[in-house]
Each structure stands twice: as structure tokens, then as C-alpha cells.
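1. sequence below, structure please.
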Amino acid sequence: MQFNYIESVWFFLGWGAAALWMTAVGVLVTSTIGALLHRHLRCAILQKELPPLRMIRPISGAEFMLDETTQTALTQDHPQLGVTLSVAREDDTALPIIRPLVAAAASRADVRLNVGETFIGGNPKINNMFGAVEDCTEDDLLFTDSNTQLSRFVARDLQGRSRTIGGIASCMPEGVAPASMAAWVECAILNQHHLRLTLMGDLLGVSGVHGKAMALSRQTLNQMGGLKALSLYPGDDLGIMLLAWKLKIPAELAPVTVAVPLGTRSWPAVWARQKRWGQARWQTMPGTCIGELFMGALPSALAGGLALTLLGDISLTAWFGLGLAHVSFWLLADVVVALARRQVFGWLTPFASLIRELCQPFILLSALFDRKILWRGHTRYLETRK
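-> Now for the predicted structure:
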């Protein structure tokens with residue numbers, strides 16, 4: 001009787017592991033197809049007649065290629081675009097770079113420089129933006145991060161899309177110009193992993209919002225409680241997304257992405273950035289983190305190996321061979337997405353993807369057990385949200 005009981009436990013455990021493996025492979029295939037089809041199923045919305053739009057661009061520090069990224073914000077193809085560059089402090093190292101650009105662009109565009117922050121919560125980005133948003137009079141707003149390179153028509157597309165759906169339109173980021181192995185790994189995280197899963201969700205109707213570039217009306221922002229409500233969340237884009245779900249505000253990802261120049265990222269910087277993003281998601285959307293823990297290449301490979309061990313009789317050589325094939329399939333999906341979407345690609349791409357898969361479970365677990373978020377010199381302690 002005891003033997004049968006143990007046999008039943010192994011049987012159900014084996015089929016459970018097999019189900020986990022098949023689910024992970026299914027998510028990989030579906031998300032890869034979604035990443036390839038998204039830009040064809042979401043057409044650009046370039047309206048000729050558009051009302052005034054105000055771009056708010058918070059800046060903190062002299063980031064890599066700051067002059068080039070700022071120029072892309074100042075040279076948008078838009079009939080009535082105003083740009084406000086917002087810097088929190090007078091001693092910010094970005095100001096010597098930004099001031100000449102503002103002076104050069106002031107004769108041909110509505111460009112403002114806002115220096116100073118208003119503390120309304122624990123999010124330094126929101127504190128930086130608050131004064132700029134309060135000072136402008138436009139009804140349509142576009143928030144863009146300072147480290148993003150914008151294509152010429154991003155402002156026009158996002159505003160047109162936001163007005164068409166009556167909600168929030170945003171862009172996914174794609175890493176470019178990696179100049180270190182750590183930067184290549186961050187490219188693998190942004191360009192294939194996060195992009196693939198987020199675009200799949202967007203096509204399946206799970207509204208996504210990304211904070212690198214997002215457009216919405218002032219009415220929509222006020223409906224969500226304004227910037228003060230967003231400051232309660234560890235990430236402004238996560239706050240907007242959760243409030244959009246709660247208030248049933250439409251949200252959509254544009255087919256175009258924004259480029260993020262990475263340069264010589266360090267390993268601690270990449271780990272800290274991804275851990276901070278994981279901490280924010282554990283607090284606001286823990287289900288996505290749990291799914292990501294088990295849907296990665298290595299956890300699902302272990303699940304598949306466990307299923308084969310408990311349900312079949314295979315040799316150790318075959319076990320390792322199938323595991324290698326499984327991980328190779330994961331890396332091949334990254335290569336397909338990178339080449340099809342014309343992302344940054346090189347001989348380091350597969351190795352970066354492999355390192356990402358090795359590190360991602362540990363980053364998520366580290367984020368789960370650390371309640372302290374460190375961001376640009378600010379410390380914030382996460383609280384359990386009701």
C-alpha cells in the first residue's frame with residue numbers, strides 16, 4: 001500500500017513538471033510570434049491635424065549620449081509640440097550639456113528648462129516632473145525619459161494613438177549601443193525577454209504601459225488622481241498601468257519602440273536596475289514574477305528533466321542532450337526576434353541571453369526578499385499594498 005502511494009506521488013509530480021515544461025515552451029513560442037507580428041498588427045497613427053502637445057522630459061545626471069538623446073526630443077516632426085526639460089537641482093551634472101541645447105533650439109521651437117523639484121512622494125522622477133506638469137497649459141501630455149532616443153514621429157504617433165483610443169499610448173524600449181558584456185546582457189533583457197512578453201500581452205488584450213515614452217491627456221491623468229497618486233507606486237508606469245486597469249482606461253503599445261543607449265554598463269548597475277524593476281513588480285503584480293520564475297529556460301528545463309526522470313526511463317546522456325536542446329531553443333528564439341526586428345545583434349547575443357537566463361531567477365528572488373529600493377541616491381521602503 002505504501003509503495004502504491006509513493007508511486008502515485010511520483011506520477012502526479014512527473015505530470016505536473018511536464019505541464020510546467022509544456023506551458024513554458026508554449027509561452028516562449030507564443031511570445032516570440034507576438035513580438036514578430038506586433039508591429040504589423042498595430043499600425044502607426046500619424047494624424048495631420050493635432051492639438052498642442054507638451055513633452056515633459058525629466059533629467060537626472062549626465063547620462064550616456066545625453067546630448068544626442070535630447071536632440072531627438074527637440075527635433076520631433078509635430079505641428080504644435082512644446083518641450084519642457086526638467087532638472088531637479090542646480091548642481092546637476094546634466095545642466096552644462098542641456099543649457100546650450102535649449103538655447104540653440106529656443107529660436108525654432110517652444111522649449112523650456114525647468115530647474116527644481118517638488119516633493120510629493122517617494123518617486124524622485126515624479127517629484128522632478130511635478131512643477132513642469134503644473135506650469136504647462138496643454139491638455140495633451142507626453143512623458144519621455146532622458147535616456148531615450150526618439151524617432152522623428154514618436155510624438156505624433158503616441159498623441160494620435162492616445163486620442164484615438166481615449167486613453168494611454170506608450171512605447172517599449174530597446175537597448176542599443178552596448179559597449180560592455182553587462183550592457184549586452186541588459187540588451188537581452190530589454191530587447192527579447194521583456195519586449196517579447198509585454199507585446200504578447202498587448203496583443204492578447206492585457207493593456208501594457210511603459211514609462212520610457214507615454215502619451216495621455218490631462219483629463220486621463222486627473223482621472224487617475226494626478227501625479228500625487230502615481231507617486232505612491234514604486235514605478236510611475238506600473239502605477240499608471242494598475243490605475244488604468246482599475247478605472248478601465250484604454251491603454252495600448254505603439255508599434256514603434258524607443259532606443260535606449262546603454263554604453264559601458266557595469267554588472268552592479270545592471271543587477272540593481274533589474275532588481276529595482278523586480279521589486280516594483282513583486283509589490284504591484286506578484287503573479288507576473290511567479291510566472292517568470294518558472295517560465296525561464298533553466299527552471300523549465302529542470303521541470304522537463306524531472307518529468308522525463310519520473311515518467312520515463314532515459315539515460316543520463318539523453319537527459320543532458322534534451323536539456324541542451326531545450327536551452328538552445330530558448331536562445332534561438334532570442335536570435336530570431338533580434339534579427340527579425342533589426343535589433344542590435346552580434347556574436348555576444350546568445351551568450352548574453354544565456355547569462356540573462358542564469359541570472360533572472362536570482363534577481364527575482366533577491367527582489368522578493370529585499371524591501372529597500374535604491375534609486376538615484378533615494379531610498380524607499382516597499383509597503384504591502386491592499
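2. check contacts around the nearest residue to Met224 once chain neighbours are set aside.
-> Nearest non-adjacent residue to Met224, counting by CB to CB, 6 or more residues apart in numbering: Leu243, 4.3 Å away. In this view, the C-beta of every residue, glycine as well, is placed from N, C-alpha and C. Counting by CB atoms under 8 Å, 6 or more residues apart in numbering, Leu243 makes contact with Met224, Gly225, Ala229, Leu230, Ile249.
3. how many residues are close by the closest residue to Arg218 other than its chain neighbours?
-> Nearest non-adjacent residue to Arg218, counting by CB to CB, 6+ apart: Asp139, 5.1 Å away. Asp139: 12 surrounding residues under other CB atoms under 10 Å.
4. now swap in Gly205 and tell me
-> That count, for Gly205 with other CB under 10 Å as the rule, works out to 6.
5. give me the pLDDT value at it.
-> pLDDT for Gly205: 80.
6. wait, a helix at it?
-> No: going by DSSP: H, G, I helix; E, B strand; the rest coil, the assignment for Gly205 is coil, not a helix.
7. check the gap between it and Pro261 for me.
-> 32 Å (CB to CB, to the nearest Å).
8. just to revisit the earlier point, quick one, what contacts the residue nearest to Arg218?
-> Counting by CB under 8 Å, 6+ apart, Asp139 makes contact with Pro51, Pro52, Ser217, Arg218, Gln219.
9. repeat that for Thr72.
-> Contacts of Thr72 by CB under 8 Å, 6+ apart are Thr148, Gln149, Leu150, Ser151, Arg152.
10. next one: Glu186
-> Gly175, Pro178, Leu262, Arg265, Val270, Arg273, Gln274.
11. wait, isn't Asn114 in contact with Gly131?
-> Yes: between Asn114 and Gly131 there is a contact under CB atoms under 8 Å: 5.6 Å.
12. so the two - more neighbours on which side?
-> Between Asn114 and Gly131, counted using other CB under 10 Å, Asn114 has the larger neighbour count: 23 against 18.
13. if we can go back for a sec, let's see the pLDDT reported for the residue nearest to Met224.
-> What the model reports as pLDDT for Leu243 is 89.
14. could you find the closest non-adjacent residue to Asn128?
-> Nearest non-adjacent residue to Asn128, counting by CB to CB, 6+ apart: Pro58, 4.2 Å away.
15. how about Leu199?
-> In space, Leu199 is closest to His38, 4.3 Å off (CB to CB, 6+ apart).
16. check Gly167 too.
-> Using CB to CB, 6+ apart and skipping residues adjacent in sequence, the residue nearest Gly167 is Pro250, 3.3 Å away.
17. repeat for Asp237
-> Nearest non-adjacent residue to Asp237, counting by CB to CB, 6+ apart: Gly211, 3.2 Å away.
18. who's in contact with that neighbour?
-> Neighbour list for Gly211: Phe143, Asp145, Ser170, Gly235, Asp236, Asp237, Ile240 [criterion: CB under 8 Å, 6+ apart].
19. now, which of those sits nearest Val87?
-> Of all these, Val87 sits closest to Asp145, with 13.5 Å by CB to CB.
20. now the residue nearest to Asn128: how far from Gly208?
-> Distance, Pro58 to Gly208, using CB to CB: 21 Å.
21. follow-up on the earlier one: which SS class is the residue nearest to Asp237?
-> Three-state call for Gly211 (three-state DSSP): coil.
22. any idea how far it is from His193?
-> Using CB to CB, we find Gly211 at a distance of 18 Å from His193.
23. cool, and Ser315?
-> Per CB to CB, Ser315 is found 33 Å from His193.
24. list the residues that contact the residue lying closest to Gln192 once chain neighbours are set aside.
-> Computed as CB to CB, 6+ apart, the closest residue to Gln192 that is not its neighbour in sequence is Asp334, at 4.3 Å. Asp334 sits next to Ala188, Gln192, His193, Thr349, Pro350, Ser353 when contact means CB under 8 Å, 6+ apart.
25. assign a three-state SS to Asn191, would you?
-> Using three-state DSSP, the structure places Asn191 in helix.
26. wait, it sits on Val344?
-> Yes: with contact defined as CB under 8 Å, Asn191 and Val344 form a contacting pair (7.1 Å).
27. overlap of the contact sets of these two?
-> Common neighbours of Asn191 and Val344 (CB under 8 Å, 6+ apart) are Glu174, Gly175, Ala338.
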